[in-house]
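Undergrad: Pasting a predicted model and its sequence here:
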Amino acid sequence: MNKYLVEFIGTFFLVLTIGCSVIGGAAPAPLAIGMALAVMIYAGGHISGAHYNPAVTLAVTLRGKCTMGDAIPYMIFQVIGAAAAAFAVKFLYAGKVAAMKAAAPIEVGPSLVAEFLFTFALAWVVLNVATSKDTEGNSFYGLAIGMTVLAGAFSVGGISGGAFNPAVAIGAALMGLLDFSQIWIHLAADFAGGAVAAIAFKALSANDK
């Protein structure tokens, strides 16, 4: 149960940071988000592996470093953490949330590609810096993963919202930052990106079992 609670805590603070920095108007929000992810990874990596992302959990499971018995609870606790954070943000920024306009629709094609590419990049980095025997025991894994999200948010945040994470997408929709009717874009692209990253890792690191 400890590792599931760590997944809840890490995802909660990731989504809390996203909501507070975006709705609160902090600039630049991607920097705060990337840093929050990095520190939460360092805090919880030794307990749960610090996925905080159902697409990453899928990638790590397909890679063989997470069991199906853990993968499903991980994803459940990640989504619960994201939802709890969304409600916390709505309480903290009640006035600004009430004044927000409906989330603008995103373009399906570009958003699918953007979410797929940077979720692939994120999962690819996670697999290589946090699960590979060749980088075992390194001290840079949290920073590398956080910087990947930072780069993705700066690069394509204006196209897709820059979730790269199904739990984040659900939390963002609950906060009104994404249109719930388009949440399928993030779910489809992010899970596909995680799965393809696992396939690529296994193909290119065949000796790393």
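TA: Structure's in. What do you need?

Undergrad: what comes up buried for the biggest helix by length in the chain?
TA: Assignment by DSSP state H gives helix 68-92 as the longest helix of the chain. By 16 or more other C-beta atoms under 10 Å, the buried positions in helix 68-92 come out as 70-71, 74-75, 77-86, 88-90. For glycine as for every other residue, the C-beta is placed from the backbone atoms N, C-alpha and C.

Undergrad: next structured bit after the element among helices and strands of the chain having the smallest mean pLDDT?
TA: Here the helix or strand of the chain ranked lowest by mean pLDDT, DSSP states H and E is helix 94-99, holding a mean of 88. Next in sequence after helix 94-99, counting helices and strands by DSSP states H and E, comes helix 108-130.

Undergrad: which helices and strands does that following helix pack with?
TA: Applying 3 or more C-beta pairs under 8 Å, 6 or more residues apart in numbering; DSSP states H and E, one finds that helix 108-130 contacts helix 54-63, helix 141-160, helix 183-204.

Undergrad: repeat that with 10 Å
TA: helix 29-48, helix 54-63, helix 141-160, helix 166-175, helix 183-204 (3 or more C-beta pairs under 10 Å, 6 or more residues apart in numbering; DSSP states H and E).

Undergrad: which residue is nearest the middle of the protein?
TA: Computing the C-alpha centroid of the chain and ranking residues by C-alpha atoms, centre = their mean puts residue 165 first, at 3.6 Å.

Undergrad: per-residue confidence at that one?
TA: You'll see residue 165 listed with a pLDDT of 97.

Undergrad: In this model residue 14 seems to touch it, though I could be wrong.
TA: Yes. Contact status for residue 165 versus residue 14: in contact at 8.0 Å, counting by C-beta atoms under 10 Å.

Undergrad: which residues are common contacts for those two?
TA: Common neighbours of residue 165 and residue 14, counting by C-beta atoms under 10 Å, 6 or more residues apart in numbering, are 37, 52, 53, 78, 82, 149, 171.

Undergrad: burial count for the closest residue to the first one other than its chain neighbours?
TA: So that's residue 37. Distance criterion C-beta to C-beta, 6 or more residues apart in numbering; nearest residue to residue 37, sequence neighbours excluded, is residue 146 at 4.5 Å. Counted with other C-beta atoms under 10 Å, the neighbours of residue 146 add up to 23.

Undergrad: and residue 24, how many neighbours does it have?
TA: Residues contacting residue 24 under the criterion other C-beta under 10 Å number 14.

Undergrad: Local confidence estimate at it?
TA: Listed pLDDT for residue 24 reads 90.

Undergrad: got a list of what the closest residue to it other than its chain neighbours touches?
TA: Spatial nearest neighbour of residue 24, chain neighbours left out: residue 93 (6.0 Å); criterion: C-beta to C-beta, 6+ apart. Contacts for residue 93 were tallied using C-beta under 10 Å, 6+ apart; they are 19, 20, 22, 23, 24, 25, 99, 100, 175.

Undergrad: Now the two most distant members of those.
TA: 20 and 99 (15.9 Å; C-beta to C-beta).

Undergrad: ok, and what's touching the least confident helix or strand of the chain?
TA: Identification of contacts with helix 94-99 by C-beta under 10 Å, 6+ apart yields 19, 23, 24, 25, 86, 89, 90, 91, 93, 175, 176, 177.

Undergrad: Thank you kindly, that will do.
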